[in-house]
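Peer 1: what would the 3D arrangement of this be:
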Amino acid sequence: MDLKSNHTAPVLTDPAPISKSRLGVHSSLFPYSPPGAAFSPGMLLTIPRKKTGVLDDVRSSSWLDAMKASSPPHRKITKDVNNEFATSDADVAYRTWMVKYPSALKSFEQITNNAKGKRIALFLDYDGTLSPIVDNPDCAFMSEAMRAAVKKVAKYFPTAIISGRSRDKVYEFVGLTELYYAGSHGMDIMGPVRQSISDDHPNCFMSSDTQGKDVNLFQPAREFLPMIHEVYKSLVESTKCIEGAKVENNKFCVSVHYRNVDDKSWDLVAQCVQDILKDYPRLRLTHGRKVLEVRPVINWDKGKAVTFLLESLGLSNCDDVLPIYVGDDRTDEDAFKVLRDRNCGYGILVSSVPKESSAFYSLRDPSEVMEFLKSLVIWKKSSAL
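Peer 2: Sure thing, here's the model as predicted:
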């Protein structure tokens, strides 16, 4: 199947309402037919591309405006002449914002009251949630205290990490065998073994983890691997003269980081990506915190990954399950939206600046995430007495 030849970009339409199958996930949630099979015409939507190129999800904005909009500046904390924390307009705005997105720590009793008699399933982003955002993405290490907190919470609740990083990379950072891992925004999922999942879809197969334990791997974009690798090499070459630019191969997607690029050169980064992507109509561009991400045009995201993992864990469509998703980036909004639309759990946005979200609650930074995880463990222990 020549994924590069058709210069009209096919996009899978939104799935029909979920109906039960043997797996429990509607077949439209799975973006591909068996290898070699043709796309069903009803599943494809033609979207014309502008000659100048635009970001996939911000068509009305310029590349540069979209990059700036997705990369808000860090909020500065200042002190007054008495060495006390000064109240700024940003502080007032944040407190006003928290009326709509209250602190998950201050609302902890409310969350746990709603969790009584239910099984909590925990989903966590990595960068900006379990680890701080750093200049060099290869150095986004989580602290030992955070690792201990995640290890303890996974002892009491099924826990998965869903990251834009490659699954191998995020596992290398976390290093805990107690968790389930979904890399490349959920396009590479390692979950518990359920034979029905492997039987129901050709892109799901049994494998072994680093400990030799049997696991299921679900990789809905496997056909795109050669293309992704090709684009990665092209982006490395085209951005090598832009100081500070870094291209990361996340297996099923490619991330172009411009955090360390002078903002006067951001347009050069955007132009490099645009020039390459115009020849790959079956790849799309999304963006996060000072990163442009090239992904396959398939109907799969972190929200679909949450749905799939809940099915894999046998926790979907159960009234006694409360999923909680904690994340900081716009790609996590897909998961927040799933929980909100299904009215079955809580999204918690990690942010120190106000921004619109489909989350229910908020936490300021990874230190508050760690406190929240510790609080869950304490609550679970006390409720078991």
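
Peer 1: where's the residue nearest to Leu315 when sequence neighbours are not counted relative to Gln274, distance?
Peer 2: Excluding its sequence neighbours, the residue lying closest to Leu315 (C-beta to C-beta, 6 or more residues apart in numbering) is Val321, at 4.6 Å. (Each C-beta comes from the backbone N, C-alpha and C, glycine too.) Val321 is 43 Å from Gln274, where distance means C-beta to C-beta, to the nearest Å.

Peer 1: same thing with Glu109?
Peer 2: Glu109 is 49 Å from Gln274, by C-beta to C-beta.

Peer 1: with neighbour numbers in mind, choose between the two.
Peer 2: It is Gln274, of Glu109 and Gln274, that has more neighbours when counted by other C-beta atoms under 10 Å, with 17 against 10.

Peer 1: three-state assignment of that one?
Peer 2: At Gln274 the chain is in helix, as set by DSSP: H, G, I helix; E, B strand; the rest coil.

Peer 1: repeat for Ala121
Peer 2: Three-state call for Ala121 (three-state DSSP): strand.

Peer 1: now it: closest residue in space, sequence neighbours ignored.
Peer 2: Using C-beta to C-beta, 6+ apart and skipping residues adjacent in sequence, the residue nearest Ala121 is Pro323, 4.7 Å away.

Peer 1: pretty sure that neighbour sits in a helix.
Peer 2: No. Counting by three-state DSSP, Pro323 falls outside a helix, being strand.

Peer 1: my guess is it contacts Gly347. True?
Peer 2: No. In this structure, Pro323 is not within contact of Gly347 by C-beta atoms under 8 Å, at 9.1 Å.

Peer 1: what residues do these two have in common as contacts?
Peer 2: The overlap between the contact sets of Pro323 and Gly347 (C-beta atoms under 8 Å, 6 or more residues apart in numbering) consists of Leu339.

Peer 1: what about the helices in this structure?
Peer 2: Counting by DSSP state H, the segments of the chain that form helices are 63-69, 89-100, 108-115, 144-156, 167-174, 195-200, 225-239, 266-277, 302-312, 333-342, 366-383.

Peer 1: in terms of mean pLDDT, which of these ranks lowest?
Peer 2: For the helices of the chain, the weakest mean pLDDT is recorded on helix 195-200, namely a mean of 54.

Peer 1: hang on, the earlier thing: dump the helices of the chain to a markdown table, plus distance to Lys355.
Peer 2: Below are the helices of the chain laid out as a markdown table (distance: least, C-beta to C-beta, whole Å):
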| stretch | distance to Lys355 |
| --- | --- |
| helix 63-69 | 10 |
| helix 89-100 | 8 |
| helix 108-115 | 21 |
| helix 144-156 | 23 |
| helix 167-174 | 24 |
| helix 195-200 | 35 |
| helix 225-239 | 28 |
| helix 266-277 | 20 |
| helix 302-312 | 17 |
| helix 333-342 | 10 |
| helix 366-383 | 16 |
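
Peer 1: I'd assumed Tyr171 was in contact with Tyr181.
Peer 2: Yes. Between Tyr181 and Tyr171 there is a contact under C-beta under 8 Å: 5.4 Å.

Peer 1: how many other residues sit next to Ser103?
Peer 2: Using other C-beta under 10 Å, Ser103 has 15 neighbouring residues.

Peer 1: now it. Nearest residue, chain neighbours left out?
Peer 2: Spatial nearest neighbour of Ser103, chain neighbours left out: Ser362 (6.1 Å); criterion: C-beta to C-beta, 6+ apart.

Peer 1: for the one you found, which residues make a bridge with it?
Peer 2: Beta-bridge partners for Ser362, by DSSP bridges, are Ser103, Leu349.
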